[in-house]
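*Asks:* Give me a model of this one.
(one chain, ligands or ions: 1)
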Amino acid sequence: MDLNELENFKEKTYIAELESKLLRLELENKDLSRENTQLKKENEILKRELDKLRIPPLILGTVIDKISDRKVVVKSSTGPNFLVNVSQFVNPDDIVPGTRICLNQQTLAVVDVLPKEKDYRALAMEVDEKPDVTFEDIGGLKEQIQEVKEVVELPLKKPELFEKVGIDPPKGILLYGPPGTGKTLLAKAVAHETNAAFIKVVGSELVKKFIGEGAKLVRDVFKLAKEKAPCIVFIDEIDAVASKRTESLTGGDREVQRTLMQLLAEMDGFDARGDVKVIAATNRLDILDPAILRPGRFDRIIDIPAPDEKGRLEILKIHTERMNLKDMDLSDVAKLTEGCVGADLKAICTEAGMFAIREERDYVTMQDFERAIEKVTGKTGKINMTTPHLSVMYG
Ligand code: ATP
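*Replies:* Residues are numbered from 1 along each chain as shown. Down below sits the predicted model:
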């Protein structure tokens, strides 16, 4: 190879090297620009997230009146009513009086529509089409069961009797007694025995948990009861919506008033000989508005007291029916549990069982019960009559 050829060769090698370097750089460039696009996208997403976090919370409200597709009167959850615009993102067909909506905090424009009311209705009511509680599941309370049977069961099962005699059966009864004595249980058992559906609402929830919806919920409860008839409507803690009226009404009191008025209207509106019966429960008879105790409303008051020793034994028998008890007499437990209500006794039986399980035994002894009584009541030996009802703790 002469000198010229050598130079030529070197030049070609150099060019080839440069070409491959160029190719590499071009590839690298492509990779980098792809990465750049990816990072730009991520940046956009993060920016949008940040924007979302910066948006102030929305105010909840209910549409009261629709003036036009883009103008409505709303009641905001903060209190006052406003005439506001409906944002372009919201379909005006989704908005009718009663629709629950979200309002922008600054402009109060309607920016979103909440799901239908069914959600909170389902939360506020416990509906049991076929409760499985029977009168056999209730310990003690024989007289009370008899009275409830006469007042509720007879008119539902034999309405023709009342027609023939020409009298109206009571529409509603009021069960009065401390918490945990079996009032709910009794109402469920009546529903079971009469093949009726059971709807339960809790007075305090109607006015405190679902603010602004109390009266509407009462209306909905009775509407549903008529649809499901025969039906027992059970209103627990009725004192929360039916306490004596006070002179000065605060916003909260007005809410209670509206709910009570609706309840009275519903009670007056249905037929005494129909197949909807209302059972209410309270442990504060003294604070009830006399309006709810008038004839045609809750005109029967049935006292549901804490059980005596015999009653406690019956309740204990019910709750230990499936338990394997060894060398013990339940009447001893009944003696030791003075002042306890049904809910406490149920808790004691469960706790006694738990002590056995903890010691890996498949039978329960008197010692387990003694420890359970101590755990549930906080006391050993004889329990004082003034022991507060522990069902508050055990529900
Ligand atoms: P509250 O007023 O707090 O609603 P309540 O009087 O309605 O109380 P229940 O809810 O019926 O009481 O009772 C709670 C649980 O206690 C029942 O599910 C049941 O297991 C038990 N219990 C209460 N009383 C009796 C009873 N007389 N016989 C058998 N079990 C009972």
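
*Asks:* CA only for contacts and neighbour counts going forward, please
*Replies:* OK.

*Asks:* What ranges does the stretch 101-250 of the chain have for its strands?
*Replies:* Secondary structure of the stretch 101-250 of the chain, counting by DSSP state E, counting those that start in this stretch: strands at 110-113, 126-128, 172-176, 197-202, 231-236.

*Asks:* beta partners for Val202?
*Replies:* When assigned by DSSP bridges, Val202 has beta-bridge partners Asp236.

*Asks:* Does it touch Val233 like I think?
*Replies:* No. Assessed by CA atoms under 8 Å, Val202 is found out of contact with Val233, at 10.8 Å.

*Asks:* now the strands of the stretch 101-250 of the chain in a markdown table, with mean neighbour count?
*Replies:* Shown next, in a markdown table, are the strands of the stretch 101-250 of the chain (neighbours: other CA atoms under 10 Å):
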| stretch | mean neighbour count |
| --- | --- |
| strand 110-113 | 21 |
| strand 126-128 | 16 |
| strand 172-176 | 25 |
| strand 197-202 | 23 |
| strand 231-236 | 26 |
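
*Asks:* Looking at those strands, which is nearest to the ligand?
*Replies:* Proximity to the ligand (CA to the nearest ligand atom) singles out strand 231-236 among the strands of the stretch 101-250 of the chain, at 6.2 Å.

*Asks:* returning to that earlier point: wait, which of the strands of the stretch 101-250 of the chain is closest to Asn324?
*Replies:* strand 126-128 (31.1 Å; CA to CA).

*Asks:* Parallel or antiparallel, which strands does that closest one pair with?
*Replies:* strand 197-202 (antiparallel).

*Asks:* rewinding a little: make a markdown table out of the strands of the stretch 101-250 of the chain and add mean pLDDT and distance to the ligand.
*Replies:* Shown next, in a markdown table, are the strands of the stretch 101-250 of the chain (pLDDT from 0 to 100; distance: least, CA to the nearest ligand atom, whole Å):
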| stretch | mean pLDDT | distance to the ligand |
| --- | --- | --- |
| strand 110-113 | 88 | 35 |
| strand 126-128 | 88 | 13 |
| strand 172-176 | 92 | 9 |
| strand 197-202 | 93 | 9 |
| strand 231-236 | 94 | 6 |
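
*Asks:* Let me have those in TSV, extended by distance to Glu44.
*Replies:* As requested, those are exported to TSV (distance: least, CA to CA, whole Å):
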stretch	distance to Glu44
strand 110-113	23
strand 126-128	47
strand 172-176	63
strand 197-202	49
strand 231-236	53
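
*Asks:* Out of those, which is closest to Lys30?
*Replies:* strand 110-113 (43.6 Å).

*Asks:* could you give the mean pLDDT of the longest helix anywhere in the chain?
*Replies:* Counting residues, the longest helix in the chain under DSSP state H turns out to be helix 3-54. Computed over helix 3-54, the mean pLDDT rounds to 89.

*Asks:* can you check stretch 287-303 too?
*Replies:* Stretch 287-303 comes out with an average pLDDT of 86.

*Asks:* ditto for stretch 329-346
*Replies:* 93.

*Asks:* and it, does that touch the ligand?
*Replies:* Yes. Using CA under 6 Å from any ligand atom, stretch 329-346 reaches the ligand at Gly342, Ala343, Lys346.

*Asks:* top of those by neighbour count?
*Replies:* Gly342 (26 neighbours; other CA atoms under 10 Å).

*Asks:* pretty sure Gly61 belongs to a helix, no?
*Replies:* No. Using DSSP: H, G, I helix; E, B strand; the rest coil, the assignment for Gly61 is strand, not a helix.

*Asks:* isn't it right up against Pro80?
*Replies:* No. Counting by CA under 8 Å, Gly61 stays clear of Pro80, with 9.9 Å between them.

*Asks:* picking up where we left off before, from the residues of stretch 329-346 next to the ligand, which ones fall inside strands?
*Replies:* Taking DSSP state E, every one of the residues of stretch 329-346 next to the ligand sits outside strands.

*Asks:* Put together CSV for those, with distance to Lys66 on each row.
*Replies:* As requested, these are arranged in CSV below (distance: CA to CA, whole Å):
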residue, distance to Lys66
Gly342, 52
Ala343, 50
Lys346, 53
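
*Asks:* returning to what we had before: closest to Ala356 out of the strands of the stretch 101-250 of the chain?
*Replies:* strand 126-128 (33.8 Å).

*Asks:* what comes into contact with the closest one?
*Replies:* Ala197, Phe198, Ile199, Lys200, Val201 (CA atoms under 8 Å, 6 or more residues apart in numbering).

*Asks:* what's the answer for stretch 191-198, then?
*Replies:* 126-135, 153, 156-157, 188, 228-234.

*Asks:* What parts of this structure come near the ligand?
*Replies:* Remark: the part of the chain in contact with the ligand comprises 137-140, 179-185, 315, 342-343, 346, using CA under 6 Å from any ligand atom.

*Asks:* ok so, going back, out of the residues of stretch 329-346 next to the ligand, the closest to Val74 would be?
*Replies:* Using CA to CA, the residues of stretch 329-346 next to the ligand come closest to Val74 at Ala343, 44.7 Å.

*Asks:* Give me the residue ranges of the stretch 101-250 of the chain where confidence is low.
*Replies:* By pLDDT under 70, the weakly predicted segments of the stretch 101-250 of the chain are 116-123, 209-212, 245-250.

*Asks:* repeat that for 80
*Replies:* Under the criterion pLDDT under 80, the flagged ranges of the stretch 101-250 of the chain are 115-124, 207-213, 244-250.

*Asks:* where along it do the helices fall?
*Replies:* 118-124, 142-148, 154-157, 159-165, 183-193, 203-208, 214-228 (DSSP state H, counting those that start in this stretch).

*Asks:* Between these, which one is closest to Val364.
*Replies:* Here helix 183-193 is closest among the helices of the stretch 101-250 of the chain (CA to CA), at 26.2 Å.
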